[in-house]
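Chemist: Got a predicted model here, sequence first, then my questions.
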Amino acid sequence: MSYTFPLDYSKVQEFVRAVKANPEQHAGEDAVIPPTMLTSGRMIWEPADQSGFAKLGFDRRRILHGEEEYIFHGPLPRAGQKLTAETTVGDRFEKPGKRGGVMTFAKMITEFRDESGELIATQNSTIIETATTGGKEEGK
Amino acid sequence: MTTTTETVVAGQQAESKTFPPLTRTDFVKYQGASGDFHPLHHDDTFARETGFPSVFSVGMLQAGMLASYVTDWLGVENLRRFKIRFADKVWPGDELTCSAVVVDTYEAEDGRRARVELVCARQNGVKALVGDAEFLID
């Protein structure tokens, strides 16, 4: 299961401003996207029935972001392109929480392909479900 | 301030950059741009009910700022990998400082690459993010 989404010029520029990037690095109608903008593909365009988060089954109030990695297999995508994304759930493991209970770690892998079907980027996310809410656990 | 990449060598450091204090508006601006509308980052009532003193920043906001900082140095078109670990939360009013150092250069299949270690620290010196990135440097 996959979905296709546009890298819209206005959305690219909105993201450039939000992450305080140098606009000169992202100039023009075919601007290179800020690297972490790939995340918004999942956030904005992922159909509910393909939700990686839903597949994890984690409690929304106890979710932390552990790690995030973006691998670009060539030049970064540009405004005006359409990408196709597919997310799979990877390894899952548990660790004792700092304040008791169990923290569950899960990996999500999203592959991004260009219009010709070529794999251009891979996003590796580590999501944590903490033992308690509002705690001092690690993560964002 | 993009560097001419053929001069990149191990040990080279980017000039560190301190951003103005982050505001709730910065959080909301990022949430709108990214589509991540988790209420912990804009709804103080929800954040307190969940056990936090207030809203806090979206981890991916400071991740994006760190990516902006390092790609402004070595060129966004040259980036091939960017990874961060979320080490501490970032709160309204925090002043973040980003720093980067080249730790290694090596020959990869697609050309010469530099590996860069990255830190984004809060004003008290605590690291909010630690990361690393790879750039093509030919």
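Modeler: It's in.
Chemist: rest of the way, CA atoms for contacts and neighbours
Modeler: OK.
Chemist: tell me which residues in the helix-or-strand element of chain A with minimal mean pLDDT are buried?
Modeler: Least confident helix or strand, chain A: helix A:52-56 with a mean of 82, by mean pLDDT, DSSP states H and E. Going by neighbour count (16 or more other Cα atoms under 10 Å in any protein chain shown), the buried part of helix A:52-56 is A:52-53, A:56.
Chemist: Kindly report the same for stretch B:69-76.
Modeler: The neighbour-count check on stretch B:69-76 (16+ other Cα under 10 Å) flags B:69-76 as buried.
Chemist: do stretch B:93-103 as well
Modeler: So, applying 16+ other Cα under 10 Å, buried residues of stretch B:93-103: B:94-102.
Chemist: now swap in stretch B:103-123 and tell me
Modeler: By neighbour count with 16+ other Cα under 10 Å, stretch B:103-123 contains the buried residues B:104-105, B:113-122.
Chemist: and these, which of them are in strands?
Modeler: Among the buried residues of stretch B:103-123, DSSP state E puts B:104-105, B:113-121 in strands.
Chemist: For these, give me CSV that also has pLDDT and distance to A:Thr39.
Modeler: Below are these laid out as CSV (pLDDT from 0 to 100; distance: Cα to Cα, whole Å):
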residue, pLDDT, distance to A:Thr39
B:Asp104, 96, 28
B:Thr105, 96, 28
B:Arg113, 96, 24
B:Ala114, 97, 24
B:Arg115, 98, 23
B:Val116, 98, 22
B:Glu117, 98, 22
B:Leu118, 98, 20
B:Val119, 98, 20
B:Cys120, 98, 19
B:Ala121, 98, 22
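Chemist: Make JSON lines out of these and add distance to chain A.
Modeler: Putting these into JSON lines (distance: Cα to the nearest Cα, whole Å) gives the following:
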{"residue": "B:Asp104", "distance to chain A": "18"}
{"residue": "B:Thr105", "distance to chain A": "18"}
{"residue": "B:Arg113", "distance to chain A": "13"}
{"residue": "B:Ala114", "distance to chain A": "14"}
{"residue": "B:Arg115", "distance to chain A": "13"}
{"residue": "B:Val116", "distance to chain A": "14"}
{"residue": "B:Glu117", "distance to chain A": "14"}
{"residue": "B:Leu118", "distance to chain A": "13"}
{"residue": "B:Val119", "distance to chain A": "14"}
{"residue": "B:Cys120", "distance to chain A": "12"}
{"residue": "B:Ala121", "distance to chain A": "13"}
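Chemist: Any regions of chain B where pLDDT drops low?
Modeler: Low-confidence segments of chain B (pLDDT under 70): B:1-6.
Chemist: Chain A: helices as residue ranges?
Modeler: A:9-18, A:38-40, A:52-56 (DSSP state H).
Chemist: List the neighbours of the last one that are in contact with it.
Modeler: Think helix A:52-56. A:87-89, A:106, A:108 (Cα atoms under 8 Å, 6 or more residues apart in numbering or on different chains).
Chemist: Could you dump those residues into a markdown table with pLDDT added?
Modeler: Shown next, in a markdown table, are the contacts of helix A:52-56 (pLDDT from 0 to 100):
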| residue | pLDDT |
| --- | --- |
| A:Thr87 | 92 |
| A:Thr88 | 92 |
| A:Val89 | 92 |
| A:Ala106 | 95 |
| A:Met108 | 94 |
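Chemist: Using CSV, lay out those together with distance to chain B and neighbour count.
Modeler: Formatted as CSV, those follow (distance: Cα to the nearest Cα, whole Å; neighbours: other Cα atoms under 10 Å in any protein chain shown):
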residue, distance to chain B, neighbour count
A:Thr87, 17, 23
A:Thr88, 19, 15
A:Val89, 19, 16
A:Ala106, 14, 20
A:Met108, 14, 20
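Chemist: which of those are the two that sit furthest away from each other?
Modeler: The largest separation in the contacts of helix A:52-56, counting by Cα to Cα, is between A:Thr87 and A:Ala106 at 12.8 Å.
Chemist: what residues does chain B put near chain A?
Modeler: Chain B comes close to chain A at residues B:26, B:29-30, B:33-36, B:50-52, B:58-65, B:67-69, B:72, B:75-90, B:128, as judged by Cα under 8 Å from any Cα of the partner chain.
Chemist: Buried ones among those residues?
Modeler: Judged by 16+ other Cα under 10 Å, buried ones among the residues of chain B next to chain A: B:26, B:29-30, B:33-34, B:36, B:50, B:52, B:58-65, B:67-69, B:72, B:75-90, B:128.
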